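**Student:** Just the structure for this:
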Amino acid sequence: MQKQRLKVEQAGDVTVVNFLDKRILDEPTIQAIAEQLFSLVDQDGQRKLLLNFTNVEYMSSAALGKLINLHKKLTALQGKLAMCNVIPQIFEVFAITKLDKIFKIFPDVAGAMASLS
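**Tutor:** Reported below is the predicted structural model:
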């Protein structure tokens, strides 16, 4: 049984995902997070995901690839993905890679929730 990497809560029809790892860097961690995220969509049929980055201090570019795949998967299913509480260092990575244009990134949960309603 792999360690839970995510704390998942339902808020109406929105699935709020909190990352439990401060550092999302190594391949096994990234793979475990990706599997857990994808299963929310594939197995649980969730279509509105809010990724809350409150605890995350570091995230590798490999993790970004998984987030792009998640975004594509949801878009194909007419789903929605939003993110919030992304610290400046991580937001900078999104900005450099132009992912801030693809992802909906909000300062707080309230703004992100509003975008998903």
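**Student:** how far is stretch 81-95 from where the chain is centred?
**Tutor:** Relative to its chain's centre, stretch 81-95 lies at 10 Å (Cα atoms, centre = their mean, to the nearest Å).
**Student:** Same check on stretch 80-97?
**Tutor:** Distance of stretch 80-97 from its chain centroid, counting by Cα atoms, centre = their mean, is 10 Å.
**Student:** what does that stretch contact?
**Tutor:** Here stretch 80-97 makes contact (Cβ atoms under 8 Å, 6 or more residues apart in numbering) with 47-54, 56-59, 61, 64, 70-71, 74-75, 99-100, 103-109, 111-113, 115-116. Where C-beta positions appear, they are placed from N, C-alpha and C, glycine not excepted.
**Student:** Among those residues, which are located in strands?
**Tutor:** If you go by DSSP state E, the contacts of stretch 80-97 have Lys48, Leu49, Leu50, Leu51, Asn52, Tyr58, Met59, Lys104, Ile105, Phe106 in strands.
**Student:** Greatest separation within those residues: which pair is it?
**Tutor:** Longest distance between any two of the ones in strands among the contacts of stretch 80-97 is 26.8 Å, between Lys48 and Tyr58; criterion Cβ to Cβ.
**Student:** Low-confidence regions, this structure specifically.
**Tutor:** For the chain, residues meeting the criterion pLDDT under 70 lie at 1-2.
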